[in-house]
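In: 3D model of this:
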Amino acid sequence: MKELRYLNKFFIKYRGRLVLGLLITVVARIFALFIPIFIGNIIDTVSAFYDATEDQIAALTSELNTNILIIIGAAVLSAFFTFLMRQTLIVISRYIEFDLKNEVFLQYERLSLAFYKQNRTGDLMSRISEDVSKVRMYVGPAVMYSATTVTTFVVTISYMIYTAPLLTLYAVTPLPILSVAIYKLSRAIHKRSTVVQEYLAKLTTFTQESFSGISVIKAYGIEPPTNSNFIELAEGSKDKNIDLVKVQALFFPLMILLIGISNTLVVYIGGQQYINGQIDLGTIVEFLVYVNMLTWPVAIVGWVTSMIQQAEASQKRINEFLNQQPEIENPTLEPLNLQGTIHFKDVYFTYPDTGITALKGVSFSLKPGEKLAILGNTGAGKSTVLELLGRLYDVKEGSIEIDGKDLRELNLEAFRQQMGYVPQDAFLFSDTIANNIKFGKESAQEAEIQQAAKMAVVHDNIVDFSKGYDTILGERGITLSGGQKQRVSIARALIKAPKLLLLDDCLSAVDTETEEAILSNLELATQDCTTLIVSHRVSSAKTADQIIVLDEGQILQRGTHQELLSQEGYYKELYQKQLAEKEI
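Out: The predicted model follows:
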């Protein structure tokens, strides 16, 4: 159970409730264990009727009624405290589930971009949902039933030994066999539970990717092979679950067999002792009731063991991510007033997941309010410059300075709050258009939202929708066209009034006329904002203070629009080609 030690801090956090729940459990079981004693008394009382006089019958009847009332009272009180027990311990498990899910989610947010390139979304979802649910069964039902079992055994066995030691010895003889069997079976359950959870993660990942890429699946007509792949994964998951259930299924028959043996021994040995006058008939009945009362706790031992083993396997998977240290961490909480001076110094960068060297000795400088345009072929390293500047990755060789200080030494949270970023693949959330724009500034009023949308030249499109800014977008903004998604993303960045604006080829899906309108608005909106724009179009770059052309991670050309047009090379060729296309 070493992996489950991680949960001890939650038990400490809720120790007051936990202790109260355990005390209630003890009280509930004590009341329940009174019942067999009075059942035994009833048997002895009824037996006494055969030889009783008329005066004795009245007394025995009164005693019989008293015992019946006590049994009813004990049953009612036991049920009441059992209800309180569940309300206390099961609620604790929900609190711990809530805390653990939040902790996992916060860790997911802390982990760097490289982590998400190495792990699939379906697996992440499986760990925060299915695995945490398995763990909850340990911190709730497993703890509750364990407390019930221990209390029942301690109180029951103690009373049985006090009443009839020899009979107790025979009654509990099967228990050591049970302990060994549980140990053997629990090891098998642990191994198979781990495999089951891994298959579940694979199944979740496959379905999540299939649903996200359903348009591609339909467009290529590959529903049958996709379905075949799903069936193959589902079959594998089913087989592993069956393997697990086969082992779990051995528990209950084994319990019932051992309890049956205990009952037989109680009847046989108890009967002999009764014949010899060593015990009363009521004691045999008591022991039979007690042995059968132990049936459920003994069976619970198997179930609890299974839950603990599954929780151990799940917590191990959760701990794998919780124990990972983010590559990108905030080094300080010192306030930051970003001015916008940028200095790339001989920056080299290789992606850790692919080993591709994206930048090779890139250097440039920008003053506050200046604009830099970056052009180049696909894979030249353009987006990498923006990712490094947003500190989605850390530079391993060279340095990036912001306002004269190494980027890695700045308050990362404060830095990003003053930065606007529009990624190449515009991502919108399944929320209203207004809330997607407000994502850049949560306190923004309606007028600010509309102004940002107008700057991004998307306001007219939005008001044409039946619900306007209150239109709910589909997953990843699928309701909108590619150009509309890009413009809403631009509005989301502009509403922040950032000191640093990063635009990663975010006008690729809009027409030339709209692009020119957006660029004209950006000129006004970013006068005091340092801007870096990645593009494949010269029209997006020509107004920049600096233009650099990247090729295989190195700066091929550098200068203003006019300077680059005056020299032969990539920029001039691209300009002439795009100018000809525009004229056509």
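In: in this structure, which spans are strands?
Out: Counting by DSSP state E, the chain has strands at residues 342-350, 357-366, 371-376, 397-402, 405-406, 419-422, 500-504, 530-534, 546-551, 554-559.
In: List the contacts of the first one.
Out: When contacts are defined by CB atoms under 8 Å, 6 or more residues apart in numbering, strand 342-350 is touched by residues 356-366, 381, 384-385, 388-389, 393, 395-402, 404, 500, 530, 532. Backbone N, C-alpha and C define where each C-beta goes, glycine included.
In: ok so, going back, of the strands of the chain, give the one that comes closest to residue 518.
Out: When those are compared by CB to CB, strand 500-504 sits nearest residue 518, at 9.8 Å.
In: so what does that closest one touch, helix or strand wise?
Out: Packing partners of strand 500-504 (3 or more CB pairs under 8 Å, 6 or more residues apart in numbering; DSSP states H and E): helix 382-389, strand 419-422, helix 482-494, strand 530-534.
In: CA-only coordinates of that strand in PDB, if you can.
Out: Taking Å, rounded to 0.1, in the frame of the first residue of the first chain, the C-alpha atoms of strand 500-504 are listed here in PDB:
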ATOM      1  CA  LEU A 500       3.600  42.200 -25.700                       C
ATOM      2  CA  LEU A 501       1.600  40.800 -28.500                       C
ATOM      3  CA  LEU A 502       2.500  37.500 -30.300                       C
ATOM      4  CA  LEU A 503       0.600  36.600 -33.500                       C
ATOM      5  CA  ASP A 504       1.400  33.200 -34.900                       C
END
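In: How far off centre is it?
Out: Here strand 500-504 is found 31 Å from its chain centre; the criterion is CA atoms, centre = their mean, to the nearest Å.
In: go on, stretch 224-231?
Out: In terms of CA atoms, centre = their mean, the centre of stretch 224-231 is found 27 Å from the chain centre.
In: again, but for stretch 366-379
Out: So, by CA atoms, centre = their mean, the centroid of stretch 366-379 is 38 Å from its chain's centroid.
In: how much space is there between the residue nearest in space to the middle of the chain and residue 116?
Out: In the chain, the residue lying closest to the centroid (CA atoms, centre = their mean) is residue 128, at 2.0 Å. Plainly put, residue 128 is 14 Å away from residue 116 if you go by CB to CB, to the nearest Å.
In: now residue 532
Out: Residue 532 is 23 Å from residue 116, where distance means CB to CB.
In: between the two, who's got more neighbours?
Out: residue 532 (24 against 13; other CB atoms under 10 Å).
In: which ones are touching that one?
Out: 342, 366, 371-374, 385-386, 389, 500-503.
In: One more pass at 7 Å, please.
Out: Going by CB atoms under 7 Å, 6 or more residues apart in numbering, residue 532 touches 372, 374, 386, 389, 502.
In: per-residue confidence for it?
Out: The per-residue pLDDT reported for residue 532 equals 92.
In: can you pull up the bridge partners for it?
Out: Beta-bridge pairing for residue 532 (DSSP bridges): residue 372, residue 502.
In: Can you tell me how far it is from residue 381?
Out: According to CB to CB, residue 532 and residue 381 sit 13 Å apart.
In: Which residue is the nearest non-sequential neighbour of residue 125?
Out: What sits nearest to residue 125 in space, not counting adjacent residues and going by CB to CB, 6 or more residues apart in numbering, is residue 204, at 5.8 Å.
In: Is it correct that that neighbour is in contact with residue 127?
Out: No: the criterion here is CB atoms under 7 Å, and residue 204 misses it with residue 127 at 9.5 Å.
In: ok, the two, which is more surrounded?
Out: Per other CB under 10 Å, whichever of residue 204 and residue 127 has more neighbours is residue 127, with 23 against 20.
In: which residues touch that one?
Out: 104, 317, 318, 321.
In: The same query, at a cut-off of 10 Å, please.
Out: 104, 108, 119, 197, 201, 204, 314, 317-322 (CB atoms under 10 Å, 6 or more residues apart in numbering).
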